[in-house]
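In: Kindly return the folded structure for what I paste below:
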Amino acid sequence: MAERFNFNGAEIIGIDHGYGHVKTRNYTVRSGITASDTKPYLNSDHILFEDRYYIVGEDHKAFSHVKSGDEDNHILTAMALAKELRTRDIKGDAQVIIAAGLPLLWYGSQKDSFKEYLLHGGRYRFTYRDETRTVNIRDVMLFPQGFAAIAADIRSYKGMNVLIDVGNGTLSTIMIVNGRPIVERCHTDKFGAEVCIRKMREKILTETGYNAHYSYYDEFLKKGPEAVANEKHIRIMENAAQEYVNDLMSLLGEWEYDPDNMLYTFMGGGAQTVRKYLPDDLREKCRFIDDIRANAKGYEALALAQLRRGQR
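Out: Numbering: from 1, shown residues only. Now for the predicted structure:
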């Protein structure tokens, strides 16, 4: 049985609502959504939610700095709940505590609205793989994105550190000094891996006239040259990825971070792209968190710890 956290009969399910992928403890799914009025027979990974069918996972979600700005995250939340409950072998209706997060700089301004949004009136009802169920939301607990992934290990962050979360839509940083986050030295900008993909797509289109699907570039970033047969495309995409990483490091410098005096820790879906295209001498100075579900798992652990301390 999959690892799980439960508190007083409510299952704690961590959900990381990324623009490229929605992540849970056990799943990573592209966050693109396609709606349909009829049941999709050629795609098994769909969900019936509020009288419409939705295929999840064929593309990515458009960037918006407000997480509750449209209905997409309701659909993604329903899919995340459906997958996790199935994997955790929880039958029928369920009692759930959602543990989720926001970039630190958005946390104060969006925490209340995003919590209300995810509560969804206290209930999600959906049909997934021919099983209809009602999920009662007992609570929504929100935590700072990025910090949640390292909270259990925060005391090991001695001296000057920068945690750099390279998501699909955003690049978020948290400065940590001797295990303590310094809020005034945190940043969030629209400079996630989507910028790299857009750069690759533009260069391929300009130089070859080929207009590939988003997944063409996404698979290249995940798997490298083995995912692409065209040698010219590989060369173009590698050059674009190198430019992106160079620009990312320059942006960190503009934010007054210095890898000679601070330990950089990269995480998120774009961290492996950074690892591949950093110069060898700089790469050796950095740490990398390879688990792109680290935030979702961290949300669950923080929620359980907080509940056990009697803060809820």
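
In: Not counting its own residues, what contacts the longest helix along the chain?
Out: Longest helix in the chain by number of residues (criterion: DSSP state H): helix 231-254. Taking contacts as Cβ atoms under 8 Å, 6 or more residues apart in numbering, the residues outside helix 231-254 that touch it are 162, 164, 166, 171, 173, 189, 191, 195-196, 199-200, 203-204, 207-208, 210, 217, 220-221, 225, 228, 259, 264, 273-274, 276-278, 282. Yep, even glycine has a C-beta here, placed from its N, CA and C like the rest.

In: Buried residues, that helix. List them.
Out: Buried residues in helix 231-254, counting neighbours by 16 or more other Cβ atoms under 10 Å, are found at 233-234, 236-238, 240-241, 243-245, 248-249, 252.

In: mind listing which of the contacts of helix 231-254 are in helices?
Out: Judged by DSSP H, those include 195-196, 199-200, 203-204, 207-208, 217, 220-221, 273-274, 276-277, 282 as members of helices.

In: for these, which one is nearest F288?
Out: The closest of the ones in helices among the contacts of helix 231-254 to F288 turns out to be V274 (Cβ to Cβ; 8.0 Å).

In: dump the residue contacts of the closest one.
Out: By Cβ under 8 Å, 6+ apart, the contact list for V274 reads I164, V166, V245, L248, F266, F288.

In: V96 now?
Out: With Cβ under 8 Å, 6+ apart as the criterion, the residues that contact V96 are A10, E11, I12, I13, L81, L85, V135, N136, I137, R138.

In: Drop anything exposed from those.
Out: Buried members of these, counted by 16+ other Cβ under 10 Å: A10, E11, I12, I13, L81, L85, V135, I137, R138.

In: now, which of those residues lie within strands?
Out: When DSSP state E is applied, the buried ones among the contacts of V96 are split such that A10, E11, I12, I13, V135, I137, R138 fall in strands.

In: quick check, nearest of those to A152?
Out: I12 (15.2 Å).

In: Just grab the bridge partners of that closest one for me.
Out: Beta bridges link I12 to F5, I97 when assigned by DSSP bridges.

In: That one against E300, yeah?
Out: Yes - taking Cβ atoms under 8 Å as the contact criterion, I12 and E300 are neighbours in contact, 5.1 Å apart.

In: what's the overlap in contacts for these two?
Out: Contact criterion Cβ under 8 Å, 6+ apart; residues shared by I12 and E300: F5, A99.

In: circling back to that earlier point, so which of the ones in helices among the contacts of helix 231-254 wins on neighbours?
Out: Highest neighbour count within these, by other Cβ atoms under 10 Å: C196, with 28 neighbours.

In: State the distance from that residue to L163.
Out: As judged by Cβ to Cβ, to the nearest Å, C196 and L163 stand 20 Å apart.

In: How about the contacts made by F114?
Out: F114 sits next to K67, S68, A100, L102, L142 when contact means Cβ under 8 Å, 6+ apart.

In: Just checking, which helix or strand succeeds the helix or strand encompassing it along the chain?
Out: In the assignment (DSSP states H and E), F114 maps to helix 104-119. The helix or strand immediately downstream of helix 104-119 is strand 123-128, counting by DSSP H and E.
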